[in-house]
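Visitor: quick one, what's the 3D model for this:
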Amino acid sequence: MLSSFLLLNDIIGTTILQHRGIRAGSKLNINAMKRMLCFLLTAMLPVLAVTGQQVPDTGYAPLIENPAYAFAKGPVVYIDEGHNNFHTRGDRYLPFAKLLERDGYITEGYTGKFDTGRLKNCRILVISNALNELNVANWYKPVYPAFTADETEVVRQWVESGGSLFLIADHMPMGGAAAGMAAAFGFGFTDGFAGDTSQAGPALFCRADGTLRDNVLTGGNRADERVDSIYSFTGQAFTIPADAQPVLAFNEKYLLLLSDTAWVFNENTVYKPIDGWSQLAYREYGKGRVVMSGEAAMFTAQLAGPQKYPAGMNSPFARNNYRLLLNIIHWLDGR
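Guide: Sure, this is the predicted structure:
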């Protein structure tokens, strides 16, 4: 991993030197951009996964002192597996599923297109990093919708009638693939890469600087459910409707990189300030509830590279991430 990091750092330096600066209106300099690109490329979990160097951490089992339900007595949570998902219950989101099961929920993979009749059998629908089949091996523009218009309307009506949706869409091309579904609930997903220009490594959101907001998802229902800091691993940034509540909010240190090809940043890359945008937010919608996330790795636990480096909830510095995930599920469950 270290040798790969050094190689990537050399590539970043070369890429930056080829730039003529960022777009007009930005106050950031070349060194700031280099730090951000270093962050992006050292957090390139999808690339590691594609090359077979990333596996679920099946031993990850944080303490749950007060499970929401007795084992297998809770509601059904569907985890989408029918839309070329990068994260599925049986693979990269297995630690996600196992955590919910230890909290008493029943998790099941959902295959096929979204159907009103089948959705009635679950309390919560989780969709993580869905892709159109045309983009599975082609992470460049154009990015096609992961869902048909009919499917999007089925899910919208299901939520409006009382269902709960947890929609997770990472950086390009996942953000663009899920943009239509997000828009149905008033959220504006982007097909880019969000990063902290002030430091390299995973992004820290905390109460101290206001990037982690105080609300029901970060406060929980009891004192031991309170979350004071969260780490995320690249992802995208999105806008939220007026009646939604931000959970992870970007400040002036962050930029969004919009490129034609995933992980390729050159003279055509657009750099967009995202102060006030979100990476995690929630809202009520009709009789139902919606949580939107612009980053997926923070809600699973993986072992990356030959050294099996912990990445995600199992990272030593991301010890609060699992608690936030449980708070999200409890809110979607109406608890």
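Visitor: all the helices of the protein, residue numbers only.
Guide: 2-17, 30-42, 45-50, 94-102, 116-119, 149-160, 174-177, 179-183, 216-219, 321-332 (DSSP state H).
Visitor: where among those helices is average confidence lowest?
Guide: Sorting these by mean pLDDT places helix 2-17 lowest, at a mean of 34.
Visitor: so in the chain, which strand runs the longest?
Guide: strand 278-285 (DSSP state E).
Visitor: pull out the buried positions in that strand.
Guide: 278, 279, 280, 281, 282, 283, 285 (16 or more other C-beta atoms under 10 Å). (Glycine included, C-beta is placed from N, CA and C.)
Visitor: ok, residue 67 to residue 105 distance?
Guide: Using C-beta to C-beta, to the nearest Å, we find residue 67 at a distance of 9 Å from residue 105.
Visitor: should've said residue 173
Guide: Distance from residue 173 to residue 105, by C-beta to C-beta: 30 Å.
Visitor: check residue 326 too.
Guide: For residue 326 relative to residue 105 (C-beta to C-beta), the value is 10 Å.
Visitor: list of residues touching stretch 317-335?
Guide: 62, 64, 68, 74-75, 77, 96, 99-100, 103, 105, 123-124, 164-166, 202, 216-221, 225, 227-231, 247, 282, 289, 291, 298-299, 312-313, 315 (C-beta atoms under 8 Å, 6 or more residues apart in numbering).
Visitor: can you give me the buried ones in it?
Guide: So stretch 317-335, judged by 16+ other C-beta under 10 Å, has buried residues 318, 320-333.
Visitor: output it as CSV, restricted to C-alpha atoms.
Guide: Taking C-alpha atoms only, stretch 317-335 is exported to CSV below (Å, rounded to 0.1, in the frame of the first residue of the first chain):
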residue,chain,number,x,y,z
PHE,A,317,-10.2,6.5,13.4
ALA,A,318,-13.8,5.8,12.2
ARG,A,319,-15.1,4.1,15.4
ASN,A,320,-18.3,6.3,15.4
ASN,A,321,-19.4,5.4,11.9
TYR,A,322,-21.3,2.2,12.9
ARG,A,323,-23.2,4.2,15.5
LEU,A,324,-24.3,6.7,12.9
LEU,A,325,-25.5,3.9,10.6
LEU,A,326,-27.6,2.4,13.4
ASN,A,327,-29.1,5.8,14.2
ILE,A,328,-30.0,6.2,10.5
ILE,A,329,-31.7,2.8,10.4
HIS,A,330,-33.6,3.4,13.6
TRP,A,331,-34.9,6.8,12.3
LEU,A,332,-35.9,5.2,9.0
ASP,A,333,-37.7,2.5,11.1
GLY,A,334,-39.6,5.2,13.0
ARG,A,335,-37.9,4.3,16.3
